[in-house]
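Student: A structural model of the following input is requested.
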Amino acid sequence: ARFLPAWHGVGAGAAGIDRLADVIGQLEGVALPASVLEREVLPARVAGYTPPMLDQLGAAGEVVWVGAGSLGKDDGRVALYRPDRLALLLPTRAGEDEASATAGSWLHIALRAHLEERGASFHRELLGAAFAAAAAGDHHRPTEREMLDALWDLVWAGEVTNDTFQPLRALRWPRRSGGRPAARARSRMGARMGPPEAAGRWSLVVETLRTAAALADGKEPTGTEQRAALAASLLERYGVVTRDAVAGENVRGGFGAVYPVYREMEERGRVRRGYFVEGLGGAQFAMPGAIDRLRSMRRGPGAAASDDPRTVLLAATDPANPYGAALAWPRDDARHARTPSRSAGAYVVLHDGDVVLYLERGGKSMQTFAPFDDEHIGGLAVDALRSLLGDGRLKRLQLERVDGIAIGESPFRERLSALGFRQAYRGYVLGPTG
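Tutor: Below you'll find the predicted structure:
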């Protein structure tokens, strides 16, 4: 568990646009909540990360994003790809098949047809296409909101993308929910620009695939090449690939799709098979560099902790968090009423690879684990939570329940008070300083 955050370079201090490009390569193809990607995952790996850094790579044609499923009204999973790798990795992901090309309402079909015929289009062009299709088909004239909802349906289905990241960022902003027509919903300038979640130019993902094929002399990758690329991508991301790690990535065909590739790589001496991580089963394949790093991080005989234990705060959905994916969450039936989940908006605090705290989405409920009983480790974990307030990721952290119990009745009430939580009208509030 200590290995994976280190393998991902979490908190290592590496910075700059080149570091961001390396991170995108390591995360390539993994579906992450849009709300978490730039707020949690990228800053954890790139010191001083700012959104213009990702925009710079996007403008240079070095990265594209593809939707991978909705997570409610204002969020969804997205995956980053290098354009020349999209044709290799995108088809390996489980999802909708070609039947989606004719699926959906008349509005979905109209937007898809417009993008197929006209190519990359701005919001106004898509709205005009929707109005024209409504008139031609004797359908009701859609509101701007209805058109945008249909457009985002196509985005989350992995059919449509955008040449900027601004629409993804805008999903978190407050927006009007009314269904007034575009021409009367905003000022004249606002009507020209469109809503923030419609910024940039929209295009079909298949167009990016066609461009990649053209640059490769018209050759599309074979299934064998796609599976080989997937196997290499998983190794780069995890260092040690296991059946459970693959299962957590929604790979088409599961572990069986890459197992033959790893066996061939093993025969050629490019990877090693063994029992590198206890409790993860025997089918483990690792890069030689990952094995060396694992050995260097192993605790000595009888050692209770490593020589340099680190406390790490991660989004629960972060690929660097092994719990709930490669590793099961620690069981403590006396302490927990339910098992934590890798939910968007939730956080996990690790100390020396062990789970200390799990903060549920919204920050009103927290679960503790055995290491929290140590006063020193517990203090470090709360300091990690406090960083959420320091950098503005959370405006307020007000706990109401701990381990399923009202905080006023929790055995940790006094400890939490000593660590900086202050009693409020409802629950205990963590201050920005200790």
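Student: okay, CA-based contacts and neighbour counts for the rest of this
Tutor: Noted.
Student: in three-state terms, label Leu385 for me.
Tutor: In three-state terms, and counting by DSSP: H, G, I helix; E, B strand; the rest coil, Leu385 is helix.
Student: need the pLDDT of Thr153.
Tutor: That one is not Thr; residue 153 is Asp. Note on Asp153: pLDDT of 94.
Student: buried set for the helix or strand encompassing it?
Tutor: Secondary structure from DSSP states H and E places Asp153 in helix 144-156. Buried residues in helix 144-156, counted by 16 or more other CA atoms under 10 Å: Glu144, Arg145, Glu146, Met147, Leu148, Ala150, Leu151, Trp152, Asp153, Leu154, Val155, Trp156.
Student: helices or strands up against the following helix or strand past it?
Tutor: Downstream of helix 144-156, the next assigned helix or strand under DSSP H and E is strand 160-162. If you count contacts as 3 or more CA pairs under 8 Å, 6 or more residues apart in numbering; DSSP states H and E, strand 160-162 packs onto strand 64-70, helix 144-156, strand 202-204.
Student: CA atoms of the next helix or strand after strand 160-162 as CSV?
Tutor: The first helix or strand that comes after strand 160-162 along the chain, using DSSP H and E, is helix 166-170. Provided in CSV are the C-alpha atoms of helix 166-170 (Å, rounded to 0.1, in the frame of the first residue of the first chain):
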residue,chain,number,x,y,z
GLN,A,166,-13.5,24.5,-19.8
PRO,A,167,-16.8,22.7,-20.2
LEU,A,168,-15.7,20.0,-17.7
ARG,A,169,-14.7,22.7,-15.2
ALA,A,170,-17.9,24.6,-15.7
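Student: with distance to Leu230 as new columns, can the buried residues of helix 144-156 be given to me in CSV?
Tutor: Output for those, formatted as CSV (distance: CA to CA, whole Å):
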residue, distance to Leu230
Glu144, 39
Arg145, 37
Glu146, 37
Met147, 35
Leu148, 33
Ala150, 31
Leu151, 29
Trp152, 27
Asp153, 26
Leu154, 25
Val155, 23
Trp156, 22
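Student: and which of the residues you listed is nearest His114?
Tutor: Leu151 (11.7 Å; CA to CA).
Student: who's in contact with that closest one?
Tutor: His108, Leu111, Val160 (CA atoms under 8 Å, 6 or more residues apart in numbering).
Student: quick check: pLDDT value at the last one.
Tutor: If I follow you right, that is Val160. Looking at Val160, the pLDDT reads 96.
Student: and it, how many neighbours does it have?
Tutor: Applying other CA atoms under 10 Å, we find 24 other residues in the vicinity of Val160.
Student: got it, and the one 3 residues further on?
Tutor: The number of residues packed near Asp163 is 19, by other CA under 10 Å.
Student: from Leu235, how far out is it?
Tutor: For Asp163, the distance to Leu235 equals 29 Å [CA to CA, to the nearest Å].
Student: in three-state terms, label the closest residue to Pro371 other than its chain neighbours for me.
Tutor: Distance criterion CA to CA, 6 or more residues apart in numbering; nearest residue to Pro371, sequence neighbours excluded, is Val356 at 5.4 Å. Three-state assignment for Val356 (three-state DSSP): strand.
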